[in-house]
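Asker: I'll drop the sequence and a predicted model, then ask my questions.
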Amino acid sequence: IQYSISVSFEVCCPWSRCCGGGDFRPRTVWLGHPEKREQRYPRNVINNQKYNFFTFLPGVSDYEHCNGLCCLTCFLIALGFVLIITIVREAVEEMRCFLRDKEVNSQIYSKLSTRGTVKVKSSGIQVGDLIIVEKTFVPDFCHKGSCFLRTDQLDGETDWKLRLPVACTQRLPTAADLLQIRSFVYAEEPNIDIHNFIGTFTREDGDPPVSESLSIENTLWASTVIASGTVVGVVIYTGKELRSVMNTSNPRHKIGLFDLEVNCLTKILFGALVVVSLVMVALQHFAGRWYLQIFRFLLLFSNIVPISLRVNLDMGKMVYSWMIKKDSKIPGTGVRASTIPEQLGRISYLLTDKTGTLTQNEMVFRRLHLGTVAYGMDSMDEVQSHVFSAYTQSQNGENASLYPPHDLQASRAPGATKVRKTISSRVHEAVKAIALVHNVTPAYESNGVTDQAEAEQHYEDTCRVYQASSPDEVSLVQWTESVGLTLVGRDQSSMQLRTPSGQILTFTILQIFPFTYESKRMGIIVRDESTGEITFYLKGADVVMAGIVQYNDWLEEECGNMAREGLRVLVVAKKSLTEEQYQDFEARYVQAKLSVHDRSLKVATVIESLEMEMELLCLTGVEDQLQADVRPTLEILRNAGIKVWMLTGDKLETATCTAKNAHLVTRNQDIHVFRPVTTRSEAHLELNAFRRKHDCALVISGDSLEVCLKFYEYEFMELACQCPAVVCCRCAPTQKAQIVRLLQERTGKLTCAVGDGGNDVSMIQEADCGVGVEGKEGKQASLAADFSITQFKHLGRLLMVHGRNSYKRSAALSQFVIHRSLCISTMQAVFSSVFYFASVPLYQGFLIIGYSTIYTMFPVFSLVLDKDVKSEVAMLYPELYKDLLKGRPLSFKTFLLWVLISIYQGSIIMYGALLLFESEFVHIVAISFTSLILTELLMVALTVQTWHWLMIVAELLSLACYIASLVFLHEFIDLYFITTLSFVWKVTAITLVSCLPLYILKYLRRRFSPPSYSKLTS
């Protein structure tokens, strides 16, 4: 077993929260002895629940849904019903969350103990435990104890990073011997920095005692993925002290903007209730016990504040959630926060991750450009034939396997460098360079037929996988394999390539110059073992390579063309070195690396002495494949008035390329790359330069963003919000959440965050509406999100169709419930006014209860099925969504309009009944109540825009229930009177007067000033 000791192995998951407080302090951790702890450490459990046993009932009761003003004015039974609905819904969601947490906390791990290897639950892991972590497949990829891991759940980068063991532990015979030595790790206090770690490893039982420094290269953070092998790690941090947890904000309880607006209207209605009650008492000249009269009027007009509003809206939210989950056009979509579906209909800013959200994180080689000829995906067979002919046409001579026949003649002829090379030789040289200049390592695994050792010995193609620090490099090596030149082996000092004829070419690695963000290039010096030739290969970004290669007239133009196609462009060059040239370089290079002062500068200077007048071989174009239909989805969002910001932990060049490829930045838009700034003055100058740009997208790094927000937060956000698109690269998880928070504070607009990794959880939880994508990076984001989708393209339908419908339906439903309550309250006010402001109820008993339940509930609630346009039209014309951003479906204007309608209809019905009744009071009740029920049913029909069969059923069922119940309402209604013709014509006349004008106004409005959606449906 290959094993390595890696400290800070955190087993808890990145979206966890833990209870407990206390200051963070450094710690001394004894290997395999958690009982020797110096301080108390948090339990290794996750808890995504919003409430606990003690806070559940107070939290739900204090929930904004139960507005405090309503409680004073509503009957206890109705209020209890609302609370029960809310509590049940919250309890169901909490139970689901509890079960998900329990599943994660119960994951089984292997722990080294004095009894051997034992199984332990995730929640049972303690600081000091020695945990064994294995890959599901175990290729031999831990060279000399090292291993590769992926940190995409922390920083969004999907490249494989090298991790090294503590050197002295590698001399132990077995992993179990770690328990026999007396050793400890001194680690720094927990902090949010995922890129650095400071600690020491000390073995006390050595002679002399051994102490080694520890850095980030010796760590395995929580939720990182090990490429292969078996790793033994001592647990340093657990629970809330994990780096991933400290970079994750606690989930907040989200209250939708729509609910806040409804609560605001409810407060207005409560104010109206108090005013009406005071006016009634004032008109009595505050006679007698007027304070009791106020209380009686408050109860009498309590319908002004509709308690059924919250019930209807909550049930409507459940229906919307069910519709989202059952939509066959967006399969796999989940709703984890059923309280905010209306938020989806009013999004102004969409903040999205890149890797795994917009892209598949699968690099595909698309273009090879040699200057005079270019090869695309449809012409790769030509490249393959050139490579094949280069290695198979001639089998004579020692160079036959390296050069095609015409190259042999050219190399042996005088002045060979001046001979113009053929296309075949140029293709061959380019492919060989691409196959050599990289940091990719092939690994072999068992496939069930061939075991690992045999596969590695015979270079079995079916058992080989490539691992590298960048997916770009893997795609390049996979492409060279597809055209005939295969990387089959590599260690720290050599590399093996296999030709199409099966011959193995060995190259000794003399020097490697890794890629850095500053240099933007990567180089390698190799010696061909068959010829002894030494060659320096270099590849990098065109901005730096343009000054390194020999003069040419096509590099800049073709790089621009390929970049506009969204391809990541690399320039590949080479330089042949003599043995003397290399020895001179090596001596200077070693001397520079031994320098104490200005070591980096001196090393760079020596390398740059080689990087002159290099031969330009080719350009490569690699595409990070986008998720399906990303471009049309972003186009839909842009047309809907939604500004899209891309927040990624990836490199600047990669992020810019993806933004172009996904058409986040349109072809006619300029891109302003914000230069790196570290001081206030630099930030000021760069902001002034950016201010002079117009209609251009902004690309900025996380470090520069931090400086700008520190000194010029207001100015930067003002400029950024004017941009059509913003790309923030090298963003830490907490920075993503900070950007979301600043957008909310500065603009007051609703934000939606979309991501698929653990590093996106903070952003998702901070946004008004969080959407998680279930992808290759796991379910961390989707579990923490309000809504989960399986593909980014589903976001378009989620917003344009379901978000839009949810908002418009809830707006119509809330206003109609308010109208229903105001109607009967207006009738009560008229009735009391006519009878000398007496506090006598117009309707009693079952009439007042049945009015808002069985008589009108179903038709009113059926408005949750209404829609103004078909879903296909909403997707085809996303401009319809833009109308909702102004909040017009539910505004003070529409609210006032419905109040006037309610007052008009209530007054007409009541005055009509008073004018037309003949002798008995029960006739007033019969005429007015029947007219009221019919008016409500007709108003629902007037409000409906697209009829659903359930709406018709609801209307007929309610009418049938009312007619059938008349038999049992003889206490309130004269049964003989309602069967007379006089009753029928009076009710008909009153109902027509109350409804017909509104029908006429609706017709005239649609005729002369139709809404935008009606123009599309007519």
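Answerer: Yep, that arrived.
Asker: tell me the centre residue of the chain?
Answerer: Nearest to the mean C-alpha position of the chain, by C-alpha atoms, centre = their mean, lies residue 755 at 1.8 Å.
Asker: Double-check it against residue 354; I have them as touching.
Answerer: No: assessed by C-beta atoms under 8 Å, residue 755 is found out of contact with residue 354, at 9.4 Å. C-beta: built from backbone N, CA, C; applies to glycine.
Asker: Looks like residue 306 contacts residue 821 (just checking).
Answerer: Yes: taking C-beta under 8 Å as the definition, residue 306 is a contact partner of residue 821 at 3.9 Å.
Asker: Next, show the common contact partners of the two.
Answerer: In terms of C-beta atoms under 8 Å, 6 or more residues apart in numbering, residue 306 and residue 821 are both contacted by the residues residue 852.
Asker: Next secondary structure element downstream of whichever strand or helix holds residue 96?
Answerer: Here residue 96, judged by DSSP states H and E, is contained in helix 76-105. Using DSSP H and E, the helix or strand that follows helix 76-105 towards the C-terminus is strand 108-113.
Asker: Am I right that residue 672 is in a strand?
Answerer: Yes: assigned with DSSP: H, G, I helix; E, B strand; the rest coil, residue 672 falls within a strand.
Asker: on that earlier part again, and the residue nearest to the centre of the chain, what are its phi and psi?
Answerer: Listed backbone geometry of residue 755 is phi -160, psi 170, with angles given as degrees, to the nearest 10.
Asker: so what's it bridging to?
Answerer: Note on residue 755: beta-bridge partners residue 772, judged by DSSP bridges.
Asker: What separation do you get for it and residue 432?
Answerer: With the distance defined as C-beta to C-beta, to the nearest Å, residue 755 ends up 40 Å from residue 432.
Asker: Next: residue 566.
Answerer: 27 Å.
Asker: Settle it for me: which of these two has more neighbours?
Answerer: residue 432 (24 against 19; other C-beta atoms under 10 Å).
Asker: Give me the nearest residue to that one, chain neighbours excluded.
Answerer: Nearest-residue entry for residue 432: residue 485, 6.5 Å, with adjacent residues in sequence omitted and distances by C-beta to C-beta, 6 or more residues apart in numbering.
Asker: Hmm, residue 429 and the one you found touching each other?
Answerer: No: contact criterion C-beta under 8 Å: residue 485 and residue 429 do not qualify, at 11.3 Å.
Asker: Of those two, which one has the most company?
Answerer: A direct count of neighbours by other C-beta under 10 Å for residue 485 and residue 429 places residue 485 higher, at 25 against 21.
Asker: So which residues of the stretch 351-500 of the chain form helices?
Answerer: Secondary structure of the stretch 351-500 of the chain (DSSP state H, counting those that start in this stretch): helices at 380-392, 405-412, 423-436, 452-458, 471-482.
Asker: would you list these in JSON lines and tack on distance to residue 668 and mean pLDDT?
Answerer: Supplementary listing: the helices of the stretch 351-500 of the chain in JSON lines, determined by distance: least, C-beta to C-beta, whole Å; pLDDT from 0 to 100:
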{"stretch": "helix 380-392", "distance to residue 668": "32", "mean pLDDT": "88"}
{"stretch": "helix 405-412", "distance to residue 668": "46", "mean pLDDT": "39"}
{"stretch": "helix 423-436", "distance to residue 668": "34", "mean pLDDT": "92"}
{"stretch": "helix 452-458", "distance to residue 668": "52", "mean pLDDT": "65"}
{"stretch": "helix 471-482", "distance to residue 668": "28", "mean pLDDT": "90"}
